[in-house]
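Colleague: Following is a predicted model, sequence given first.
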Amino acid sequence: MSMEDILMPYRGIHALPAGPPEFSDLITVYIVRGDKMNVMIDAGVANSVLDTSFLDRLDLVIITHLHIDHIGLLPEIIETYKNVKIAVKSGFKKYLTTDEGVKRLNETASRVLGDLYDIYGAVRKIDESKVIEVNGGDKIDIGEGKYLEIINTPGHAKHHISVLLNDILFTGDSAGAYFGDVIIPTSPSPFNYDEYIKSLKLQIDLKPRIVGLAHGGLVNPEVMSRHLEQMIKKDFNVDVDIGGIAGEILRKQIEVNLRGLRG
Ligand SMILES: [Zn+2]
């Protein structure tokens, strides 16, 4: 089956580069359009190349988890789309909306990421009235028979959620990253191995037809099974070189991830 066979029946899904200029494809942000709602999944880094100028309306941004490479552009998005709401896992809103919460996100990121933190850019606080909380099992009707379902997928972070659009699964960082045909564990500290494996199995059991990774774009779902095998075997010899500055950033990010696995 070619990638075209997989993707052709779908309209209204955009996979957009949202990484820093040095490595724009490091992060993929997804936009899903329905006649009731346009929804974005994750929001890239603060220093992002993300361009949403084709989109005149945005109703909701679902944040898979509160790491700085998934929330950086929120202040700008809120500035651009006046009616947009931001959805995060129930109980975690304060990390986006209070000085203390944002400080904690930035401090943790700086400690875990080292100089990648400066490349990605600091997180800024957003207004409390903009943020709503969601839970696993919540369903959002976006129109045209399309439903988004929130799935609890802890492990990468304890508050991690994935989003299922009918049979397309957006995994955030709960199912690995994929560059140069190499699967990379998404496991920065603090990482919960057992929860991660459980979440990965749960997502494989959903049998999605397409998987949208936050790091690596739209992939065949068999990438998840290969990743599970790799995680169970603890086969973490991740050797990938995409060259240039992007290659350098990826190498550093892989080091961060592998450090988290060692505990
Ligand atoms: Zn990430």
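Modeller: Done, it's in.
Colleague: Contact partners for the residue in the stretch 151-263 of the chain positioned nearest to the ion?
Modeller: Nearest residue of the stretch 151-263 of the chain to the ion (CB to the ion) works out as D173 at 4.4 Å. Placement of C-beta: from N, CA and C, glycine included. Each residue near D173 by CB atoms under 8 Å, 6 or more residues apart in numbering is listed here: 64-65, 67, 70, 156-157, 160, 186, 214-215.
Colleague: same thing but at 10 Å, please
Modeller: For D173, the contact set (CB atoms under 10 Å, 6 or more residues apart in numbering) comprises 42, 64-65, 67, 69-70, 153, 155-157, 160, 162, 185-188, 196, 213-215, 257.
Colleague: and I254, which of the three is it?
Modeller: helix (DSSP: H, G, I helix; E, B strand; the rest coil).
Colleague: That one contacts V238, correct?
Modeller: Yes - between I254 and V238 there is a contact under CB atoms under 10 Å: 5.6 Å.
Colleague: list residues touching both of the two?
Modeller: 177, 179, 182, 184-185.
Colleague: Please report how far the closest residue to G180 other than its chain neighbours lies from Y117.
Modeller: Spatial nearest neighbour of G180, excluding adjacent residues (CB to CB, 6 or more residues apart in numbering): V240 at 4.6 Å. To Y117, V240 is 22 Å away according to CB to CB, to the nearest Å.
Colleague: could you redo the shared contacts of I254 and V238 as JSON lines and give each row distance to L16 and secondary structure?
Modeller: Below are the shared contacts of I254 and V238 laid out as JSON lines (distance: CB to CB, whole Å; DSSP: H, G, I helix; E, B strand; the rest coil):
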{"residue": "A177", "distance to L16": "17", "secondary structure": "strand"}
{"residue": "F179", "distance to L16": "17", "secondary structure": "strand"}
{"residue": "V182", "distance to L16": "22", "secondary structure": "strand"}
{"residue": "I184", "distance to L16": "21", "secondary structure": "strand"}
{"residue": "P185", "distance to L16": "24", "secondary structure": "coil"}
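Colleague: Please point out which parts of stretch 114-126 sit buried.
Modeller: 116-117, 119-123, 125-126 (16 or more other CB atoms under 10 Å).
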